[in-house]
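Colleague: sequence isn't available, so here's the structure alone:
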Ligand code: HEC
């Protein structure tokens, strides 16, 4: 019986530690809604045209190092037709919102190389 309060106390402390760690983790990646690793996986198709290095090759624009919100907005503008490009439109149409955010997180994390 005497063990109980100690156990409870330890539990509270552990929970507290997790909450602190959790909020630190959150604030560090607060701009990041997407899953970067998933984005990298999904990016395989994109990088057949867009350069991972951020170089513009063959008139294909660079898409690395962008703020994620901007990346998502541009992707959606192709889907909604605000931007007209047949290639990008059909590509974006294959992805749901989570996947677009994952792509945004991944490409946003890449640094353009000079
Ligand atoms: C077949 C080649 C090709 C593939 C594959 C491709 N893109 Fe594109 N992408 C283009 C072209 C061409 C443009 C320029 C379109 C335009 O003029 O609006 C473009 C434009 C973009 C832009 C806007 C760039 C800017 O500067 O405004 C983004 C963001 C983008 N693509 C993301 C992606 C992502 C993410 C993928 C993979 C899911 C992908 N693209 C796959 C050819 C491609």
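Modeller: Thanks, I have it. The shown structure was predicted, so the numbers you read here are calculated from the model rather than taken from an experiment.
Colleague: low-scoring stretches of the protein, by residue?
Modeller: For the chain, residues meeting the criterion pLDDT under 70 lie at 1-31.
Colleague: please enumerate the helices of it.
Modeller: Assigned by DSSP state H, the helices in the chain fall at 3-28, 36-42, 68-80, 86-92, 97-109.
Colleague: domains of the protein?
Modeller: Domain ranges of the chain: 1-30, 32-109, per automatic domain parsing.
Colleague: turn those into CSV, including distance to the ligand.
Modeller: Backbone N, C-alpha and C define where each C-beta goes, glycine included. Shown next, in CSV, are the domains of the chain (distance: least, CB to the nearest ligand atom, whole Å):
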stretch, distance to the ligand
domain 1-30, 20
domain 32-109, 3
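Colleague: export the ones you listed to a markdown table and tack on mean neighbour count?
Modeller: Conversion of the domains of the chain to a markdown table gives the following (neighbours: other CB atoms under 10 Å):
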| stretch | mean neighbour count |
| --- | --- |
| domain 1-30 | 9 |
| domain 32-109 | 16 |
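Colleague: spit out the contact partners of the closest residue to residue 109 other than its chain neighbours.
Modeller: Setting aside the residues directly before and after it, residue 109 is nearest to residue 36 in space (CB to CB, 6 or more residues apart in numbering), at 5.8 Å. Going by CB atoms under 8 Å, 6 or more residues apart in numbering, residue 36 touches 102, 105-106, 109.
Colleague: and of these, the nearest to residue 57?
Modeller: Proximity of these to residue 57 (CB to CB) peaks at residue 106, which lies at 19.1 Å.
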